[in-house]
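Visitor: sequence below, structure please.
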Amino acid sequence: MQKEINLILRPKQVSDKKFFLPIVAKKLNISIEEISQYKIIKKSIDARKPNIKINLKLLVIINENDFVFENTLFDYQDVSNKEEVTIIGTGPAGLFAALRLIELGLKPILFERGKNVSERKLDIAKINREQIVNSDSNYAFGEGGAGTFSDGKLYTRSKKRGSVKRILEILNLHGASQEILYEAHPHIGTNKLTGIIKAIRETILNAGGEIHFSSKLTDIKTVNNAVKSITINNNQEINVKKLILATGHSARDVYEILHKNKILIESKPFAIGVRVEHPQTLVDSIQYHCEIRSDYLPAASYNLVKQIDERGVYSFCMCPGGFIVPAATEQNQIVVNGMSPAKRDSKYANSGIVVEIKQEDLNDFEKFGALAGVKYQEFIENLAHKNGGEGQIAPAQRLKDFVEDKKSETLPETSYHPGVKSSEINKWLPKNISKRLQKGFVEFNKSMKGYLTNEAIILGVESRTSSPVRIPRNKETLEHTQIKGLYPCGEGAGYAGGIVSSAVDGERIAEQIKNII
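Guide: Residues are numbered from 1 along each chain as shown. Here you go, the predicted model:
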């Protein structure tokens with residue numbers, strides 16, 4: 001017999017089955033010995049009041065000792081000699097498109113401008129230690145995409161949710177913890193993501209797919225409004241029939257290629273701001289209504305959003321127990337992002353706090369057409385570099401000083417490894433952003449008493465929240481609206497916002513290609 005049961009428990013009770021199984025048995029009016037198996041279906045924290053509760057949903061198997069939970073099977077068949085589909089980019093969109101193509105009996109051939117994840121680690125170390133940015137191998141580019149060196153957040157509000165469960169199961173199959181299948185806000189952790197990406201690579205290669213690293217897309221040719229060929233590294237032209245473009249939101253040169261070849265792209269809204277870092281103990285005390293966080297609770301997070309002067313101001317990619325990292329893709333830029341290890345055990349909590357950018361903010365960049373948002377991003381990233389220190393030293397300011405237009409004479413400790421330089425960010429960040437941020441932080445403090453403090457530090461700039469460009473595609477065929485055989489995909493095309501939604505989009509593209517073929 002199978003029974004679903006919902007429990008509301010204290011954090012300690014959820015920490016071990018020896019605590020919650022007796023409660024399950026009592027609620028079902030059975031003995032513990034009658035529980036043959038159980039499976040957690042959903043788990044979430046309710047921290048709205050000081051008496052924190054955990055909501056737990058379980059599937060309980062009663063008196064069926066031979067019962068075994070079935071896992072979803074994925075048929076990664078041999079596609080060595082099957083019809084080929086070309087994919088540009090090995091981020092979540094590209095990798096999950098490849099896995100789905102294999103299931104559908106098609107051979108994926110992936111080209112990645114960056115290096116494999118092991119070699120990529122060395123280039124990322126150079127950014128942190130020597131402040132040298134490799135423009136093709138960094139936090140944004142390389143095997144696994146920008147998500148590889150991030151918190152690995154797997155929560156999505158995407159309406160295209162049909163395959164979310166599949167995505168989580170595939171990640172679990174390749175090494176992610178079982179917890180991602182039931183946590184309300186699942187995450188993997190930076191330290192575990194690299195191994196998962198390697199495992200996905202092996203699945204693709206073992207099935208007969210191909211992955212080519214250090215292979216940068218440098219041109220696309222079309223004939224009669226259909227994709228004809230691509231050029232890799234300026235010297236290798238390859239004929240293609242079906243091309244999935246999954247290059248991520250930082251591949252600005254790809255937008256330039258499309259623009260140069262008169263392949264339609266469109267400007268879209270995006271967001272720019274700063275990354276704020278608090279002591280994790282402060283965030284814990286605010287969110288959990290306590291002085292010291294219980295050992296049975298995870299590092300606290302937050303989600304903040306306000307409307308300020310007709311624009312959204314909101315937290316983005318909040319990383320409890322995490323680190324701020326240098327995410328620039330060129331030497332003369334400062335871009336910051338956040339990541340967390342699986343245990344989220346750093347003493348810092350950081351989050352992007354960003355302001356919605358609309359077309360009217362781009363008036364000075366109108367001459368660039370659909371690339372206006374890209375040029376605006378670059379302009380602000382260059383400003384941050386000019387107002388920082390040497391290399392990747394970021395401009396920084398105490399949070400309350402920023403709000404009150406004061407210079408920070410000293411700065412608190414920060415997790416940002418390259419280092420920080422005191423800068424009056426309120427003076428050089430464009431007013432349409434800085435003034436809304438200042439008002440936003442005041443409003444956030446009303447929701448989280450103690451948030452607005454000089455114990456916190458802000459670093460500039462958080463500019464890679466999403467693509468400022470959309471590559472338009474047909475709603476039914478998912479092909480480019482002008483170019484047959486070209487499939488814009490994922491964050492870089494403007495159709496996703498994170499690991500899961502990008503992966504879902506990759507699967508949708510693969511399924512559509514199979515239907516056409």
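Visitor: okay, CA-based contacts and neighbour counts for the rest of this
Guide: Noted.
Visitor: in its sheet, what does the helix or strand hosting Thr86 sit against?
Guide: Assigned by DSSP states H and E, Thr86 falls within strand 84-88. As defined by DSSP bridges, the strand partners of strand 84-88 come to strand 107-111 (parallel), strand 243-245 (parallel).
Visitor: now these in CSV, with mean pLDDT and distance to Lys446?
Guide: As requested, the strands paired with strand 84-88 are exported to CSV (pLDDT from 0 to 100; distance: least, Cα to Cα, whole Å):
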stretch, mean pLDDT, distance to Lys446
strand 107-111, 98, 48
strand 243-245, 98, 43
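Visitor: can I get those in a markdown table with mean neighbour count and distance to Ala370?
Guide: Output for the strands paired with strand 84-88, formatted as a markdown table (neighbours: other Cα atoms under 10 Å; distance: least, Cα to Cα, whole Å):
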| stretch | mean neighbour count | distance to Ala370 |
| --- | --- | --- |
| strand 107-111 | 25 | 26 |
| strand 243-245 | 25 | 18 |
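Visitor: picking that back up, now the strand holding Thr86: average pLDDT?
Guide: The average pLDDT for strand 84-88 rounds to 98.
Visitor: which residues are contacting that strand?
Guide: 94, 98, 106-112, 217, 240-247 (Cα atoms under 8 Å, 6 or more residues apart in numbering).
Visitor: check which element follows the longest strand along the chain along the chain.
Guide: The strand spanning the most residues in the chain, taking DSSP state E as the definition, is strand 35-46. Sequence order places strand 53-62 as the next helix or strand after strand 35-46, per DSSP H and E.
Visitor: now Val305. Nearest residue, chain neighbours left out?
Guide: With Cα to Cα, 6 or more residues apart in numbering as the criterion, Val305 has its nearest non-adjacent residue at 4.1 Å, and that residue is Tyr314.
Visitor: can you check Lys228 too?
Guide: Thr222 (4.8 Å).
Visitor: only alpha carbons, please: show the helix or strand where that neighbour lies as CSV.
Guide: Per DSSP H and E, Thr222 falls inside strand 217-223. The C-alpha coordinates for strand 217-223 follow below in CSV (Å, rounded to 0.1, in the frame of the first residue of the first chain):
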residue,chain,number,x,y,z
LEU,A,217,32.1,30.4,-34.0
THR,A,218,33.4,33.2,-36.2
ASP,A,219,30.9,33.3,-39.1
ILE,A,220,27.6,32.0,-40.3
LYS,A,221,26.7,31.8,-44.0
THR,A,222,23.2,31.6,-45.4
VAL,A,223,21.8,30.8,-48.9
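Visitor: picking that back up, could the strands paired with strand 84-88 go into CSV alongside distance to Tyr495?
Guide: Formatted as CSV, the strands paired with strand 84-88 follow (distance: least, Cα to Cα, whole Å):
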stretch, distance to Tyr495
strand 107-111, 20
strand 243-245, 12
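Visitor: quick one: closest of those to Lys192.
Guide: Nearest to Lys192 among the strands paired with strand 84-88 is strand 107-111 (22.9 Å), distances taken as Cα to Cα.
Visitor: check which element follows that closest one along the chain.
Guide: helix 117-129.
Visitor: show residues contacting that following helix.
Guide: With Cα under 8 Å, 6+ apart, helix 117-129 has contacts from 114, 132-134, 137-139, 142-144, 194, 197-198, 326, 392, 417-418.
Visitor: from those residues, which ones fall inside helices?
Guide: Using DSSP state H, the members of those that fall in helices are Thr194, Ile197, Lys198.
Visitor: tell me the confidence at the second one?
Guide: Ile197 is assigned 97 on the pLDDT scale.
Visitor: kindly export stretch 64-71 (C-alpha atoms) in PDB.
Guide: Taking Å, rounded to 0.1, in the frame of the first residue of the first chain, the C-alpha atoms of stretch 64-71 are listed here in PDB:
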ATOM      1  CA  GLU A  64       5.600  -4.100   0.700                       C
ATOM      2  CA  ASN A  65       9.100  -5.300   1.500                       C
ATOM      3  CA  ASP A  66       9.900  -6.100  -2.100                       C
ATOM      4  CA  PHE A  67       8.900  -2.700  -3.300                       C
ATOM      5  CA  VAL A  68      11.600  -0.700  -5.300                       C
ATOM      6  CA  PHE A  69      11.200   2.900  -6.500                       C
ATOM      7  CA  GLU A  70      11.600   3.000 -10.200                       C
ATOM      8  CA  ASN A  71      14.000   5.500 -11.700                       C
END
